[in-house]
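Colleague: could you work out the structure for the sequence below:
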Amino acid sequence: MAKFSLPKAGDNSARSSIRVPKTMLAKIDETMEQSGYNRKQRSKWIEDITLSFLQRSDAPNLIAEEFIVPGSTESIPVTLSNNLDNQINAVLERVQQEEAIRKDRSAVIRTAITQNLLARAGRQLSPKETRLPVTMGEGD
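Modeller: Numbers count the residues shown, from 1 in each chain. Next up is the predicted model:
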């Protein structure tokens, strides 16, 4: 059995924590399970949906509009790849430039999670780029 250890010097990941609404945690777990991820794969699920979200042209605007009520969140630990960490930093700079609003990494990831949950529930109002990608076997 492998023991938990800190990332090695050559590791391409960054450990962090993000704040998400407490009421969102159960929906995250449910959606992860439906998507084939288990609880130990939470960081992987967050990585995957955030990378997908950051490909959207409207990501900076959605991040700028995201807000959270103080005291309504819970901190969850995540491990992100350095690639995603760099992309998050880049989109945060875009949000600052395009929207004149400062946001943090939690805002980016919360927005990615929110957009994923809305898409799965069929509740997004934006154009086609907000829809979930078609997977093999669907729509063939």
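Colleague: all helices for the protein, in order.
Modeller: 25-34, 42-53, 59-65, 82-99, 105-120 (DSSP state H).
Colleague: would you turn these into CSV with mean neighbour count?
Modeller: The C-beta positions use only the backbone N, C-alpha and C, and glycine is treated the same way. Below are the helices of the chain laid out as CSV (neighbours: other Cβ atoms under 10 Å):
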stretch, mean neighbour count
helix 25-34, 14
helix 42-53, 20
helix 59-65, 20
helix 82-99, 15
helix 105-120, 21
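Colleague: out of the ones you listed, the one nearest residue 73 is which?
Modeller: Among the helices of the chain, helix 105-120 comes nearest to residue 73, with 8.1 Å by Cβ to Cβ.
Colleague: quick one, the closest one and helix 25-34 angle?
Modeller: 60 degrees (axes from the mean of the first three to the mean of the last three Cα atoms, to 10 degrees).
Colleague: and helix 105-120, how far out from the chain's middle?
Modeller: On the basis of Cα atoms, centre = their mean, to the nearest Å, helix 105-120 sits 5 Å off its chain's mean C-alpha point.
Colleague: cool, and stretch 87-102?
Modeller: The answer for stretch 87-102 is 16 Å, by Cα atoms, centre = their mean.
Colleague: skipping adjacent residues, who's closest to residue 45 in space?
Modeller: residue 37 (4.4 Å; Cβ to Cβ, 6 or more residues apart in numbering).
Colleague: which of the helices of the chain sits closest to residue 18?
Modeller: That would be helix 105-120 among those, by Cβ to Cβ, at 4.3 Å.
Colleague: which other residues reach the closest one?
Modeller: 16, 18-21, 24, 27-28, 31, 34, 46, 49-50, 52-54, 56, 59, 62-63, 66, 68, 78, 88, 91-92, 124, 130-132 (Cβ atoms under 8 Å, 6 or more residues apart in numbering).
Colleague: now it against helix 42-53, angle please.
Modeller: Taking the same axes, to 10 degrees, one finds that helix 105-120 is oriented at 80 degrees with respect to helix 42-53.
Colleague: coming back round to it: using a markdown table, lay out the helices of the chain together with distance to residue 12 and mean pLDDT.
Modeller: Output for those, formatted as a markdown table (distance: least, Cβ to Cβ, whole Å; pLDDT from 0 to 100):
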| stretch | distance to residue 12 | mean pLDDT |
| --- | --- | --- |
| helix 25-34 | 23 | 94 |
| helix 42-53 | 12 | 96 |
| helix 59-65 | 23 | 92 |
| helix 82-99 | 5 | 95 |
| helix 105-120 | 17 | 92 |
